[in-house]
Structure formats: structure tokens, C-alpha cells
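# coords below, sequence missing:
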């Protein structure tokens, strides 16, 4: 039996590489409700069907920070599984609305990487991730810098 891989070491990332993440997630109403409660986001657009039906989209919108958190989570097995820390998130863009029942998948491009200035056993990998719905419509994108340990010193 093969053990599952959790992340990559710094040396295993190649600039320009595009990683298509295997994990996907269908967002259920319960996911959206629990996240709204946990984060105290009680905007009726996210938790009130009657209110949402009278809005621009005509149905409940999934909380944007849930979509962001979900897409970050989808990338963990490939990007940050061996991370020491996520150092920075940049340019978070909510490109299209996400609704209850949408299935989210993601891909990440490695933009650049460099060895840490302070520790020679780790490096910083700069990536851009795009999350898509089941129709391959981009719904969110963001960049981040991840501090990742090296396999070899």
C-alpha cells in the first residue's frame, strides 16, 4: 500500500508548472450555514432564501470567504502540505458568484520561488490559484507566498 503524499518540498516546485488539484467539493446549504454562523456573517443574502430570491441572482449566494477557504484547502495536498507557513495572500478576486450546489475545483500555477534570506533549509514559493465551478467558470483567484521546507540542505 502506498502512503498518500502531503505537499511537496521546495525543490519539487518548478516555475511555470500548473498543478490541477484532484480534490473537489460540492457546497451544500449546511456548509454555507455553518460557515456563516461560525464567522458571524449573518447577511441575509447568504442565509435567507426569501431575501435572496428577491436579489439580483435570485438565490442564496455562498459566502465569499467560504469559497476562499475551500479553495485554499483544496490546494493543501499539493501546495502547502510541507509548508512551514503561509506568509501572504494577495489579490483575492471574487470573479463570479458561487451558489449552493456548485462543485468547486482548482488549479495553481507556480509563479516564482527563492531560497529564504534567513534560513538555508527553506524557500518561498509564490503561486497563483484559480477556483472554478462545475462549468469550468473561474469563480475566485488569489496569489500567495508559501514558506516551504527543503528536502536537501
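That came through fine. Here the structure is a predicted model, which means the values were calculated and not measured.
# tell me where the chain has helices.
Under the criterion DSSP state H, the chain contains helices at 29-39, 44-47, 49-53, 64-75.
# okay, these, which one's buried deepest?
Mean neighbour count, computed with mean count of other CB atoms under 10 Å, is highest for helix 64-75 among these, reaching a mean of 19. In short, each C-beta sits where N, CA and C put it, glycine included.
# report the angle between that one and helix 29-39.
Put simply, helix 64-75 runs at 110 degrees to helix 29-39, going by axes from the mean of the first three to the mean of the last three CA atoms, to 10 degrees.
# related to what we said a few turns ago, go through the helices of the chain and name the closest to residue 23.
helix 64-75 (4.6 Å; CB to CB).
# what ranges do the strands span in this structure?
Counting by DSSP state E, the chain has strands at residues 18-20, 25-26, 83-94, 103-115, 122-132, 138-149.
# residue 75 contacts residue 21, correct?
Yes: Residue 75 is within contact range of residue 21, at 5.7 Å (criterion: CB atoms under 8 Å).
# common neighbours of these two, please.
106, 108 (CB atoms under 8 Å, 6 or more residues apart in numbering).
# just to revisit the earlier point, dump the strands of the chain to a markdown table, plus distance to residue 45 and mean pLDDT.
Putting the strands of the chain into a markdown table (distance: least, CB to CB, whole Å; pLDDT from 0 to 100) gives the following:
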| stretch | distance to residue 45 | mean pLDDT |
| --- | --- | --- |
| strand 18-20 | 31 | 97 |
| strand 25-26 | 20 | 98 |
| strand 83-94 | 13 | 96 |
| strand 103-115 | 19 | 97 |
| strand 122-132 | 20 | 97 |
| strand 138-149 | 16 | 97 |
